[in-house]
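1. the following comprises the amino acid sequence and a computationally predicted model.
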Amino acid sequence: MFNQLSRGSLPTPSVLVAVLVFAPAWSMSVLAETSSVEIGLGYNSADSYQLGQYTGLTRRGSFGVGGFSLQSQAGDGNDHYWSVSGKNLGLETGSLAATYGRWGSFSLSANYDQIPHYRFNDGRTPFNGSGSATQTLPSDWVGASSTSGLSSLSSSLKQVNIDKQRQRFNAGLEWQLNQSWELMSEYRHETKEGSNTLGGIFGSSGGNPRGSMLARPIDFQTDELTLGLSYGSQATQYSVSYNAMLFSNKDKALRFDNPFNNSQWAPGANFSDGAVGQMALEPDNTSSQFSFSAAHRFGSSTRLSGSVVSTRLEQDDSFLPYSSVLQATTALPRQDLNGRVDSLVGNLNFSTRLNRRSTLRLRYSYRERDNKTPQDIYQRMPGDAVTQQGLLSSNARINRIYNLQRDKFSADVSYRLSGKTSLSAGYEYQETDRSMVDVATTEEDTGFIKLKFTPSTIASGWVKLTRSERNASNYDGTVPFTTGHNPDYIATLVGDALFENDPFLRRFHLSERNRDEASANLNIYPSDEIGLSLLVLLADDEYPDAKVGLQKSKKRNLAADLSYSPDANWTASVYYNYDNYLNRQMGFARRGGGSPTPFYPESVRDPANNWIMKSEDVINTFGTGVDWKFMQDKLDLSLDASFSDAKTKTDPFSTGQPFLPFPDNNTKISTVSVKSNYQLQPGRKLSIRYFYERYKSNDWALDGAGVDTLSNILLLGNQSPGYSAHIFTISMSFDLK
Amino acid sequence: MQSKQIVSVTVALFVVTVLSMAVGLLVSIEPSMAQTQDTQDQQFAVRGADTCLVCHNNPTVTSVLTTKHGNSSIPGSPFATHDCESCHGASPNHVSALQSPTVVFGAGGGLFASSSVEAQNQACLSCHQTEDRVLWAASVHESADLACVSCHTIHPGPNATGSLLPDIDTCMSCHLEKRSQLNRRSHHPLKEGLMTCADCHNPHGSNAESLLAKSTVNETCTTCHTEKRGPFLWEHQPVSEDCTTCHNPHGTTQASMLSVRPPFLCQGCHSEAYHPSTVYSGDDIPVVGAAQQLLGSACTNCHTEVHGSNHPSGSRLTR
């Protein structure tokens, strides 16, 4: 893409500084031949946040193009080196890098880079202070029980932009202690600032609370320090390192006015006038990690490697109160979480050549997540204006602490049948233990067979078949309920009331699963000039126990690459990808029957409540590229084009009633890029670039959904993006000798 | 597995790795490859690269001189010792009788048969075995017989800038299916040049699945998305186990790199009475209808803290 561009109205000050100040000073003999400075202008024809998603080019207009790369040249007995470079200088994707060191001894480096992320700027909200931690309604706001009654809404709407900017500074030291030992340290300071979407909820009445989509503040900071020591010889390598990471969030809470009031139909939910809601934002956290890795080569045919990583995560930010407006009748069980999660990851890899034809590989890995956070009963208030209930209610909740332990062992053997063919086969066993979820233990057996072939010097390829079966026969859907509620409350319930979810549900990442995969690759090189690669992937997942939930998932991928390079002066390539993802899930609409809803035996279930949802993604991607060199390499010309057409089909079905189908969601992205570089004279190069992109999309979740389309929730009303953009740049680069 | 087993596995891992380290220490006095060649008194060309360039004086070959490898002023560089033969091995018979050099890089197809992948890689590993390459031995890419020069271009060509680092196209040349994912509506900024595959993966070997740079999927993701790391008071179990239960970080057609669009993704795990178990259809979107579980951010209109909540009233991930 146009990642050499940077935005601005004219050549940016930093670029001018680079050219006018640094260049004369450094254009002396210390510079290597590759040192250069680039400066130029560009123009963007489109106003679009989507275009600027990761480029920062969100507005129509001109901008500056700038970059430089300056470095010392080795030689003349100077064993020190340095380099300074800048890319996309000026604004939002700009980066700077500098290094200084002594060859074979040490290296100091510093980098600064930025990543913008623009989401949309066509949102609207009635809140003042959007994007901040306190959001208020206008003084003349008139509340109502649903959005249709908010009479002052339209006159109160203001534009909302959702975007954020990440800025990162890195500094590093690598110190070659001797030929084998190396010491490294790295420091990272990163900030994220901007806004994102968040739903601010009031009241609680089953699935009908009142709420507003808000622009929440993002003001994050992360500091990371890594220290490492590594050793390497021909036979043995090992490294030990320590990493500490501290995250802090400047905003601990988001407070917002309640736009709703006077809900008469749900007496249990109190949407009181003038109340203020409060959301908890992400708490500060810390991570510290110790890791050790080692590898050894026994002779020329046997290798052993392994590692151990131990990590501790901690979090102790002060809790917000249960409610920002009502006094809780029962105090919080503690003032902060004192949260702590320890994890341990280890693995061992062993491979040995058994004889001239066969190789054996053994692998073992271990992962443990040990959540040491204390558990307590929290008497939740579903909304800030909802009164607290007693301990014998469904709102007396215990925080579940999820632990996990996974052991995985695999063995595979490859055998060379001939000089042109080899066969490999393997087996893997994985056992996962989890706490407080529907399945305590899952076991998965996987086997594969793979044939690699090289029928001639111009062709090679492989075919692989894989089968895996995951066993989760001890599935118990009551566990999430019984581990997450007050035991005294549970004692008041009888029998099947312990099912929160449908008892026939099988959660797809925990349940029985049979997976079949087939993949094949073929590479053909009929000559040095032409290369063709083909890849086919087929995968079918079946969840045989799921009467409710995901039942089937299919994946189909086809990829083809063709390249042609008749000589060093020009190359051409073309590629095509076809992807298809299909999911089929089953549901049973349950309504009524108290709280929690009792178990519905299959015999009394109305089949009309069964439903099936099929969703399918179909994506076709095509691309081509050509590079030429003309006029004794004075002129480089490159052309790249790509087209991506993604379609999502969603098809609901029920015997009970006919449904209108969903319209397809489409995203079509067409891109053309032309770049030319012409060497006007030695050390002077003129670059002209053109970039075109057309983005068309539709999405039924956004299109036509205005701020007040939903009766209970104020949306931001942003629509599917679309644009056509032409971007031109012209720049000159100067080599500095 | 019981705690005793946890301890025993942990201890076993430490013992093996420490033993490996000890073995390594015992043999760590061994010299590097270049020194081995010297002590074996191999017959390197007296005139070094000048001997090679008599026949190989073309831009593709001499482009190595624009790189660190070709800079004789850099201590330890190939051209600071035996020039071309530092990597290609002492090859007196190649000079005198046009026999194959000791190490022939590449996939073959030239005048001489390629050396084994192991021999090719050993030439590189004799200098490049520390830092993030410690776990190369027995790694997935090594087991797949991948040569260093499959990804790294040592002779970069006449117009190269000297960098030997591969770009994302290098990875895509084998992982063909990933290219279309990077072009989807929802993706990480790789094609914009602000990230590389190596930000998440270590192709030289790692202790995690899929050659991840960190030890788990979640640790890799939360290196940048630090705010989602927790621990939270109210965890969402699939989030704490594996981010890829819901997201595909290589790119998807759904917002936020979700594999499947909500509410259908969420309904794969949630079938409580009323709205979680309700079927949604074209009847529930404008202009026919308007379901708050479908429009805008779907389920996360209300269950907005889907990655975890630290609010004492946030057990339903709404606060």
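-> Received the coordinates, thanks.
2. burial count for A:Glu602?
-> Counted with other CB atoms under 10 Å in any protein chain shown, the neighbours of A:Glu602 add up to 9. No exception for glycine: its C-beta is placed from N, CA and C like everyone else's.
3. next up, phi/psi of the residue lying closest to A:Pro566 once chain neighbours are set aside, please.
-> Of all residues not flanking A:Pro566 in the chain, A:Glu529 sits nearest, at 4.9 Å (CB to CB, 6 or more residues apart in numbering or on different chains). Listed backbone geometry of A:Glu529 is phi -90, psi -30, with angles given as degrees, to the nearest 10.
4. dump the residue contacts of A:Leu177.
-> A:Leu183 (CB atoms under 8 Å, 6 or more residues apart in numbering or on different chains).
5. for it, give its distance to B:Leu125.
-> Separation of A:Leu177 from B:Leu125 (CB to CB, to the nearest Å) stands at 19 Å.
6. what's the answer for A:Pro217, then?
-> According to CB to CB, A:Pro217 and B:Leu125 sit 49 Å apart.
7. and the residue nearest to A:Pro566, what is it in contact with?
-> For A:Glu529, the contact set (CB under 8 Å, 6+ apart) comprises A:Tyr564, A:Ser565, A:Pro566.
8. check A:Asp567 too.
-> With CB under 8 Å, 6+ apart, A:Asp567 has no contacts at all.
9. looking at the contacts of A:Glu529, spot the one nearest chain B.
-> Nearest to chain B among those is A:Ser565, at 11.4 Å by CB to the nearest CB.
10. ok, the helix or strand hosting that closest one: who's next to it in the sheet?
-> Using DSSP states H and E, A:Ser565 sits in strand A:549-567. With DSSP bridges as the test, strand A:549-567 is paired with strand A:530-542 (antiparallel), strand A:570-588 (antiparallel).
11. so how far is the next helix-or-strand element following the longest one from its chain's centroid?
-> The one in question is strand A:570-588. On the C-terminal side of strand A:570-588, the nearest following helix or strand under DSSP H and E is strand A:610-630. On the basis of CA atoms, centre = their mean, to the nearest Å, strand A:610-630 sits 20 Å off its chain's mean C-alpha point.
12. and strand A:610-630, does that touch chain B?
-> Yes. Using CB under 8 Å from any CB of the partner chain, strand A:610-630 reaches chain B at A:Trp611, A:Met613, A:Ser615, A:Asp617, A:Ile619, A:Thr621, A:Gly623, A:Lys629.
13. by pLDDT, give me the weakest of the residues you listed.
-> Ranked by pLDDT, these bottom out at A:Lys629 (88).
14. burial of that residue, as a residue count?
-> A:Lys629: 19 neighbours (other CB under 10 Å).
15. quickly list what it is bridged to.
-> Beta-bridge pairing for A:Lys629 (DSSP bridges): A:Asp636.
16. is it true that it touches A:Ala568?
-> Yes. Using CB atoms under 8 Å, A:Lys629 is in contact with A:Ala568, at 7.5 Å.
17. circling back: okay, the strands paired with strand A:549-567, which one's buried deepest?
-> Each of these was scored by mean neighbour count; the highest is strand A:570-588, a mean of 19, by mean count of other CB atoms under 10 Å in any protein chain shown.
18. can I get it as CSV, trimmed to CA atoms?
-> Only the C-alpha atoms of strand A:570-588 are listed here, as CSV (Å, rounded to 0.1, in the frame of the first residue of the first chain):
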residue,chain,number,x,y,z
TRP,A,570,10.9,-7.7,-15.1
THR,A,571,8.7,-10.0,-13.1
ALA,A,572,5.0,-10.6,-13.0
SER,A,573,2.7,-12.5,-10.6
VAL,A,574,-0.9,-13.4,-10.2
TYR,A,575,-2.8,-15.0,-7.3
TYR,A,576,-6.3,-16.2,-6.5
ASN,A,577,-7.9,-17.3,-3.3
TYR,A,578,-11.2,-18.9,-2.7
ASP,A,579,-12.4,-19.3,0.9
ASN,A,580,-15.7,-20.7,2.2
TYR,A,581,-16.7,-21.0,5.8
LEU,A,582,-19.9,-22.6,6.8
ASN,A,583,-21.5,-23.0,10.2
ARG,A,584,-24.7,-24.7,11.2
GLN,A,585,-26.1,-24.2,14.6
MET,A,586,-29.2,-25.4,16.3
GLY,A,587,-31.4,-23.6,18.9
PHE,A,588,-34.5,-24.1,20.9
